[in-house]
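> Next input, structure requested:
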Amino acid sequence: MTEPPAQALTDHLPRLRRPDGTPVRALVVDDEPRLTELVSLGLRLAGWEVATAGDGAAAVQRAREFHPDVLVLDIMMPLLDGVEVLARIRSFAPNVPALFLTAKDAVSDRIAGLTAGADDYVTKPFSLEEVLLRLHRLVQRSGAAADSSVLVVGDLVLNLDTHEASRGGEQIQVTATQFELLRFLMENPRRVLSKAQILDRVWAYDFGGQSNIVELYISYLRKKIDAGREPMIHTVRGAGYILKPAEPA
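As a prediction, the model looks like this:
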């Protein structure tokens, strides 16, 4: 059976984010580049950040640098197999969940993986849709991420379903346009967004010489979000605006 387009496979999945609003991180490890690319593509389309490795030794080093929220590990790999890789990664990241990819009908592989502490497994050849769904469930159960219907950056919270905003537990009233601007900023924490990007996303068309409308609405948000508090919205001269958690007092 032909695999549906990867984008269609992610449409029904919840949009997960880490507590700080950044994308979920997955480390995909397999010595078959085609499989690595397939899984990585699906996860990136779901909004995740993905790192890859082609052997066990590289996977352990990559995990130290990348700090993944979930692992996808092939069991049979050169240098170190998946069981040993999981053991080494768990020595410095004991709570990271792991899904093993196993050879078809290799019962011994599945038993070895589960005994080693794997949280789930999928046999090859596999359905990409099944792998994506299982990984979403693993990350949700681990508490590493939540449905992105609620965006959180520092002590700033935005509920996309109810359009409610709060900072430090204090409710903030925002208009429809202010909500869209705040949403765009919170979906891209610690990232500089230009006036052109903001105009395109929030107002959906080019205002031409009227880019000062962005400055106006940024000032509205600052009065509501930053007034009397450590600032979260910052101007990067000549580049745009950035939202990030407030620095500790």
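
> OK, contacts around the nearest residue to residue 29 once chain neighbours are set aside?
Distances taken as CB to CB, 6 or more residues apart in numbering put residue 59 closest to residue 29, at 4.2 Å, once the chain neighbours are dropped. All C-beta atoms are positioned from the backbone trio N, CA, C, and that covers glycine. Going by CB atoms under 8 Å, 6 or more residues apart in numbering, residue 59 touches 27, 29, 53, 73, 77, 80, 85, 89.

> redo that, cut-off 10 Å
Contact analysis of residue 59 by CB atoms under 10 Å, 6 or more residues apart in numbering lists 27-30, 51-53, 66, 68, 71, 73-74, 77, 79-80, 82, 84-86, 88-89.

> okay, and for this structure, where does confidence drop off?
Within the chain, the ranges that satisfy pLDDT under 70 run 1-14, 104-106, 109-110, 146-148, 205-211, 248-249.

> Following the chain onward from the helix or strand containing residue 44, which element is next?
Counting by DSSP states H and E, the secondary-structure element that holds residue 44 is helix 33-45. Using DSSP H and E, the next helix or strand after helix 33-45 towards the C-terminus is strand 49-53.

> and the angle for that next one with helix 33-45?
170 degrees (axes from the mean of the first three to the mean of the last three CA atoms, to 10 degrees).

> my read: residue 189 touches residue 234, true?
No: taking contacts as CB atoms under 10 Å, residue 189 lies outside contact range of residue 234: 11.6 Å.

> out of those two, which sits in the busier spot?
In this view residue 189 and residue 234 are compared by other CB atoms under 10 Å, and residue 189 has more residues nearby, 21 against 13.

> can you give me phi and psi for the more buried one?
The phi/psi pair for residue 189 (degrees, to the nearest 10) reads phi -60, psi 140.

> and it, how far is that from residue 17?
To residue 17, residue 189 is 10 Å away according to CB to CB, to the nearest Å.

> Which residues are in contact with each of the two?
Contact with both residue 189 and residue 17 is made by residues 151, 152, 153, according to CB under 10 Å, 6+ apart.

> The last one touches residue 20, doesn't it?
Yes: when contacts are counted by CB under 10 Å, residue 153 is listed as touching residue 20 (6.4 Å).

> With neighbour numbers in mind, choose between those two.
residue 153 (25 against 12).

> re the thing from before, any residues in contact with both of residue 153 and residue 20?
189, 190, 244, 245.

> what's the neighbour count on the nearest residue to residue 244 once chain neighbours are set aside?
Spatial nearest neighbour of residue 244, excluding adjacent residues (CB to CB, 6+ apart): residue 190 at 4.7 Å. Residue 190: 12 surrounding residues under other CB under 10 Å.

> Figure out how far the stretch of helix or strand residue 137 belongs to is from the centre of its chain.
Applying DSSP H and E as the criterion places residue 137 in helix 128-142. Centre-to-centre, helix 128-142 and its host chain are 13 Å apart (CA atoms, centre = their mean, to the nearest Å).

> Would you mind listing the buried residues in it?
128, 129, 131, 132, 134, 135, 136, 138, 139, 140 (16 or more other CB atoms under 10 Å).

> so what does it touch, helix or strand wise?
The elements that helix 128-142 packs onto, with contact taken as 3 or more CB pairs under 10 Å, 6 or more residues apart in numbering; DSSP states H and E, are helix 6-10, strand 16-17, strand 25-29, helix 33-45, strand 70-74, strand 98-102, strand 120-123, strand 146-147.

> Buried residues in the host helix or strand of the residue nearest to residue 29, which are they?
Here residue 59 sits within helix 56-66, counting by DSSP H and E. By 16+ other CB under 10 Å, the buried positions in helix 56-66 come out as 56, 57, 58, 59, 60, 62, 63, 66.

> Same check on stretch 153-162?
The neighbour-count check on stretch 153-162 (16+ other CB under 10 Å) flags 153, 154, 156, 157, 158, 160 as buried.
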